[in-house]
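Peer 1: What follows is a predicted structure for the sequence shown.
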Amino acid sequence: MAIDLRSDTVTKPSQEMRQAIANAPVGDDVYGDDPTVNSLEERVAAMFGKEAAVFAPTGSLANQLAIRMLVAPGEELIAETNSHIVRAELGAAAVFSGITTRTWPAVHGLLRAADPLEIARPDSGPYLVSTTAIAVENTHNFGGGTVQPISEIAALRKGADAMGLKLHLDGARIWNAHIASGVSFLEYGQYFDTISVCLSKGLGAPVGSIMISTKERVAKARIWRKRYGAGMRQVGILAAAGHFALDNNIERLSDDHRRAKELATAIATIDSSLIDPATVQTNIVGLDLAHLSITAAELAKRCRDNGLWISALGPKYARLVTHMDFDDAQCTEAIEILKKALVA
Ligand SMILES: *Cc1c(COP(=O)(O)O)cnc(C)c1O
């Protein structure tokens, strides 16, 4: 069996999760009748100290519903250069919301509040586009699973308030940030106007994300969700997987983080230019192949030929992501395969 470290989305629901899915009470969620969806939405909203939440099939849609609520057509959202919203949602913010984005670059995607605040231009009048919101990704995926410092988030909120700007949290992996930093979900929640979270990454649910905000924004987002074609019916079978994931799979993320650190440490021993293990805070190991003669695609191919799947996300950038279907024995095996691939 191949070891798959392309993403933490590759996990398969356990027998226990499938049992929870099978037993879920359901109803027509477009009519608001699905008790399992309703309780999941209420539960996640409360976890982050917010009024309401809406279930979505994907994290991209949860982000796009939030953006739609915060930024009017012709206005601007600012985000980090390598953020998922800007790079991995296929231009959805422009296509669906009719907005523009402007970006600031950050090493490892690490937030410094001053960076977005310096480029933000609210109320720009009739000549320049007006900024209305800033998006923060935590953990930062393409930055290498970077946890955003809570002090910078607090400073960003303060600066944003002074400028009348809204803040969105792309919290696809906020669970990992919480486990790595010890910062509570309530504390993360208090700084943002809208939040998206994914149940299908490290938490291991097959499908499901949630957009969290005020009652008013969530009520409007429900209309947009239906308009985008994602009004779902007896979707409590998926919400049940979400409940199961929240009950059972948050604390265990520390195992994923430990294994990511082990991978990074072993890889740095082979070639220290590939990664600094100290930068690996969560479950993502990003490899910089700039000093190697091979490309990320070639490394991925060599690994794959030996039973290890990794992602080549740039010409010289490869990514390994640990997850709940990756154990200690596979970690040892993965390190052996990487050693062979890197010295070949
Ligand atoms: C995975 C991910 C999403 C959502 O992705 P979907 O595939 O649409 O569920 C959003 N933001 C970040 C940072 C992600 O890693």
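Peer 2: Looks like it came in fine.
Peer 1: Tell me who's in contact with Ile150.
Peer 2: By Cβ atoms under 8 Å, 6 or more residues apart in numbering, Ile150 lies in contact with Ser181, Val183, Glu187, Tyr188. (C-beta placed from N, C-alpha, C; glycine too.)
Peer 1: Of these, which is the nearest to Ser83?
Peer 2: Closest approach to Ser83 among the contacts of Ile150 (Cβ to Cβ): Tyr188, at 16.8 Å.
Peer 1: what about the residue of the stretch 51-200 of the chain found nearest the ligand, how many residues close to it?
Peer 2: Closest to the ligand within the stretch 51-200 of the chain is Gly59: 2.3 Å, counting by Cβ to the nearest ligand atom. Neighbourhood size, Gly59 [other Cβ atoms under 10 Å]: 27.
Peer 1: and what of the one 10 residues further on?
Peer 2: Per other Cβ under 10 Å, the neighbour tally for Met69 reads 23.
Peer 1: Would you agree it falls within a strand?
Peer 2: No: per DSSP: H, G, I helix; E, B strand; the rest coil, Met69 lies outside any strand segment and is helix.
Peer 1: For it, which non-adjacent residue is closest in space?
Peer 2: Arg217 (4.4 Å; Cβ to Cβ, 6 or more residues apart in numbering).
Peer 1: which helix is the longest one in this structure?
Peer 2: Criterion DSSP state H: the longest helix present in the chain is helix 253-270.
Peer 1: Give me the packing partners of that helix, helices and strands only.
Peer 2: Helices and strands touching helix 253-270, by 3 or more Cβ pairs under 8 Å, 6 or more residues apart in numbering; DSSP states H and E, are helix 174-181, strand 284-288, strand 317-321, helix 328-343.
Peer 1: how about TSV for the ones you listed, with mean neighbour count, mean pLDDT and distance to Glu76 added?
Peer 2: Putting the helices and strands packed on helix 253-270 into TSV (neighbours: other Cβ atoms under 10 Å; pLDDT from 0 to 100; distance: least, Cβ to Cβ, whole Å) gives the following:
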stretch	mean neighbour count	mean pLDDT	distance to Glu76
helix 174-181	23	98	24
strand 284-288	25	97	28
strand 317-321	24	98	28
helix 328-343	16	96	42
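Peer 1: Dihedrals phi and psi, Phe96?
Peer 2: Taking degrees, to the nearest 10, you get phi -80, psi -40 for the backbone angles of Phe96.
Peer 1: Which pLDDT value belongs to the spatially most central residue of the chain?
Peer 2: Nearest to the geometric centre of the chain sits Ala172, at 2.5 Å (Cα atoms, centre = their mean). On pLDDT, Ala172 comes in at 98.
Peer 1: Hmm, Ser200 and it touching each other?
Peer 2: No: with contacts counted by Cβ atoms under 8 Å, Ala172 stays clear of Ser200, the gap being 9.1 Å.
Peer 1: Now do the shared contacts for those two.
Peer 2: Joint contacts of Ala172 and Ser200 (Cβ under 8 Å, 6+ apart) are Gly59, Ser209.
Peer 1: Let me have the helices and strands packed on helix 253-270 in TSV, extended by distance to Trp104.
Peer 2: Below are those laid out as TSV (distance: least, Cβ to Cβ, whole Å):
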stretch	distance to Trp104
helix 174-181	20
strand 284-288	19
strand 317-321	20
helix 328-343	33
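Peer 1: circling back to that earlier point, for the residue nearest to the centre of the chain, which non-adjacent residue is closest in space?
Peer 2: Cys198 (4.2 Å).
Peer 1: Hmm, Leu156 is touching Leu117, no?
Peer 2: Yes: Leu156 lies in contact with Leu117 (Cβ under 8 Å); the separation is 7.0 Å.
Peer 1: In terms of helix, strand or coil, where does the residue of the chain positioned farthest from its centre fall?
Peer 2: No residue in the chain sits farther from the centre than Pro126, which is 35.2 Å out by Cα atoms, centre = their mean. Counting by three-state DSSP, the backbone at Pro126 sits in coil.
Peer 1: do the same with Leu169
Peer 2: Applying three-state DSSP: Leu169 is strand.
Peer 1: show me the contacts for it.
Peer 2: For Leu169, the contacting residues are Ala135, Val136, Asn138, Tyr188, Tyr191, Phe192, Thr194, Ile195, Ser196, by Cβ under 8 Å, 6+ apart.
Peer 1: So what's the residue count around the nearest residue to the fifth one once chain neighbours are set aside?
Peer 2: What that stands for is Tyr191. Of all residues not flanking Tyr191 in the chain, Arg157 sits nearest, at 4.4 Å (Cβ to Cβ, 6+ apart). Neighbour count for Arg157, taken as other Cβ under 10 Å: 19.
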